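# predicted model follows, preceded by the sequence.
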Amino acid sequence: MTVLKALKKIFGKGEAEPLAVESGATRTVTAPPSAPAPAEPAAPALAAANLPDSSAPDAVAPLPAPRAPRRERAVKAPSPAWKLEDFVVEPEEGKTRFHDFALSAELMHAIHDLGFPYCTPIQAQVLGFTLKGKDAIGRAQTGTGKTAAFLISIITQLQQTPPPKERYMGEPRALIIAPTRELVVQIAKDAANLTKYTGLNVMSFVGGMDFDKQLKQLETRHCDILVATPGRLLDFAQRGEVHLDMVEVMVLDEADRMLDMGFIPQVRSIIRQTPPLSERQTLLFSATFTDDVMNLAKQWTTDPAIVEIDSQNVASDTVEQHVYAVASSDKYALLYNLVTGNDWERVMVFANRKDEVRRIEERLVRDGVNAAQLSGDVPQHKRIKTLESFREGKIRVLVATDVAGRGIHIDGISHVINFTLPEVPDDYVHRIGRTGRAGTNGVSISFAGEDDSYQLPSIEALMGRKIPCEMPPEALLKPVQRKRPS
C-alpha cells in the first residue's frame, strides 16, 4: 500500500482507477480485479498507443473525425449480348463471306470486331480445305490475309475438339513456327485478337527477349496456341518446359525464308517432337514454291491441298510502282528531298545490308528527319518499341533490311522506297507489300543505280510487267544542306 499511495500522489489517481505501467515503447494497462475497466473503443486506444514519449501518460487522444460515407459507384447497365445477327454481310458475286463457313459465334464476333466482311482469295481457298481437316500448302505473299486463314482454321479445330483432361501448362495444342521475331510478335497479336472471346490462350517465344519472363507465362495458364521462332522454341523444349506431343495443328510460315536463314535443321528437330503425320494437321506457307520447299512439304504433310495466289496480282493492283534511274552518289539526296518535300506520314526505306541501313538512318536523323532503323543489329526490345512508335506515328521514316522488314503489318504506310534494289526478286514483292494494304492504295519508288540496276529485269519477269524507269526531276537531286550545330 505504501507504493500505491506514493504513486497516487505522483499521478493524482484514485485507487479504483487503473495504473499505467510503461516498459519502453509498449504500454499495457492493468486494472484491479475488483473494478474491471470497461472496454475502450478501438480507434481511441490505437491513437493513445501512438502518442510520443513526451505526452502525459494520462492524456486522452482525440477521437478521429468521422469518415465521409463512401460514394456508391453507379452500376453500368450490361451491354447487350452479341448475336450473329449483328454481323450482317450481304452475299456478293465473286466474294466469299465468313458466314459461308461453319465458324463459332465467338470467332465470328472477333472477325466482326476486326471489320472483315469478306474473305481474301487465299482465305476463301485455304479455309475450304483446312476446315475439313486436310493438310494444305499455300503460296502467298504477306499482306494477302494468310495469317488469318491459318489462325481461323486453328481456332475452329481447338474449339471443336475438347482439350485433354490432363496436360502440362507447356503442352500447346497448336504450334506456329515463323522465321523472324517481328513476324512471331505480329502473328501472336493477330491470334490474340481472334481468340479474345474463345477462352483460348496464346503465347509467343522469341529470342532476344528475357527467357524467364517468357517462362512465367507457363506458370499461370495452359498454352493453347504457341507462336515461336525455331531457336527459342528448341531452348524451351530442351529444358523440358515445353512438350510438343499434344500438337493437333502445326503451321510453318514463310518456309522459303526459313530455308534461306538456315533454320531447317532446327525445324526438323522440332517436328520430330510432334505427333506423327496421321495425328496432326500441317499447314505450310511460302512466298515461292521452289524444289526445296516442295520437298519439305512432301515430308511434312499428307496429301495436301495446294493453294496458289498470283504474286503479281497482289502487288500490282493496289501499289503504284516507279523506278528512278539515279547515280549511287545521288541516292541519299533523292531520298531526303522526297521525304522532306512531301507530307508523307509513314515511309519505309529498304536497303540490302545492315551497314547501309545504319548509315541511311544516321544521316536522316542528323539532317532533321524523324527516323529509326530496324535490322538484326538492333536489340529485340528496342525493335519492338521502334515498331510501336512507327505504328503510332511517332516515327516518320523506318529504314530496314529485308529480314527485319518481313512480317511487319502496319496500316497507313503510304510509301515504300527501295534505296537499293533487292538481290532476290521475291523480296521486291515483300517490300512493296508493306504499302497498299487492306484495300488501300500505296506507292513504291525504287532507286536503280549503276550497282543494282541489273536486278530490274528479273523483278519485272516475276511481276509479269514492265516497270517504267524515269529520270528524277532536278529539284529532287539538289544537295542536302548540312545543319550547323547550334
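Thanks, I have it. Residues are numbered from 1 along each chain as shown.
# where along the stretch 151-300 of the chain do the helices fall?
With DSSP state H, counting those that start in this stretch as the criterion, the stretch 151-300 of the chain has helices at 181-195, 211-215, 217-220, 230-238, 255-260, 264-271, 291-300.
# who's in contact with the shortest one?
Looking back up the chat, that one is helix 217-220. Here helix 217-220 makes contact (Cβ atoms under 8 Å, 6 or more residues apart in numbering) with 169-170, 203, 223, 241-242. For the C-beta atoms, the positions are set from N, CA and C on the backbone; glycine is no exception.
# now with 10 Å?
Contacts of helix 217-220 with the rest of the structure, by Cβ atoms under 10 Å, 6 or more residues apart in numbering, involve 168-172, 201-205, 223, 226, 236, 241-242.
# rounded mean pLDDT for that helix, please.
For helix 217-220, mean pLDDT rounds to 85.
# would JSON lines of the helices of the stretch 151-300 of the chain with distance to residue 481 and mean neighbour count be doable?
Formatted as JSON lines, the helices of the stretch 151-300 of the chain follow (distance: least, Cβ to Cβ, whole Å; neighbours: other Cβ atoms under 10 Å):
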{"stretch": "helix 181-195", "distance to residue 481": "35", "mean neighbour count": "22"}
{"stretch": "helix 211-215", "distance to residue 481": "46", "mean neighbour count": "12"}
{"stretch": "helix 217-220", "distance to residue 481": "51", "mean neighbour count": "14"}
{"stretch": "helix 230-238", "distance to residue 481": "46", "mean neighbour count": "18"}
{"stretch": "helix 255-260", "distance to residue 481": "41", "mean neighbour count": "22"}
{"stretch": "helix 264-271", "distance to residue 481": "50", "mean neighbour count": "16"}
{"stretch": "helix 291-300", "distance to residue 481": "49", "mean neighbour count": "16"}
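# circling back: out of the contacts of helix 217-220, who's nearest residue 443?
Closest approach between those and residue 443, by Cβ to Cβ: residue 204, at 32.5 Å.
# rewinding a little: need the helices of the stretch 151-300 of the chain in CSV with distance to residue 460, can you?
As requested, these are exported to CSV (distance: least, Cβ to Cβ, whole Å):
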stretch, distance to residue 460
helix 181-195, 27
helix 211-215, 44
helix 217-220, 46
helix 230-238, 34
helix 255-260, 21
helix 264-271, 30
helix 291-300, 23
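# still on that earlier bit, nearest to residue 188, of the contacts of helix 217-220?
residue 204 (3.8 Å).
# isn't the closest one up against residue 236?
No: using Cβ atoms under 10 Å, residue 204 makes no contact with residue 236, being 11.5 Å away.
# who touches both of those two?
With Cβ under 10 Å, 6+ apart as the test, residue 204 and residue 236 both reach 214, 226, 228.
# ok, now which ones touch the nearest residue to the second one once chain neighbours are set aside?
Right, the one you point to is residue 226. With sequence-adjacent residues excluded and distances taken as Cβ to Cβ, 6 or more residues apart in numbering, residue 226 is closest to residue 172, at 3.8 Å. The neighbours of residue 172, taking Cβ under 10 Å, 6+ apart as the test, are 201-203, 218, 222-228, 233, 242-244, 246-250, 274.
# what of residue 206?
Counting by Cβ under 10 Å, 6+ apart, residue 206 makes contact with 178, 180-185, 188, 214, 227-229, 231-233, 380, 384.
# residues in contact with stretch 269-281?
By Cβ under 10 Å, 6+ apart, stretch 269-281 touches 130, 133-136, 153-154, 157, 172, 174-175, 177, 228, 230, 233-234, 237-238, 242-252, 263, 282, 296, 299-304.
# and those, which are buried?
Neighbour-count burial (16 or more other Cβ atoms under 10 Å) is assigned, among these, to 130, 134-136, 153-154, 157, 172, 174-175, 177, 228, 230, 233-234, 237, 242-244, 246-252, 263, 282, 296, 300-301, 304.
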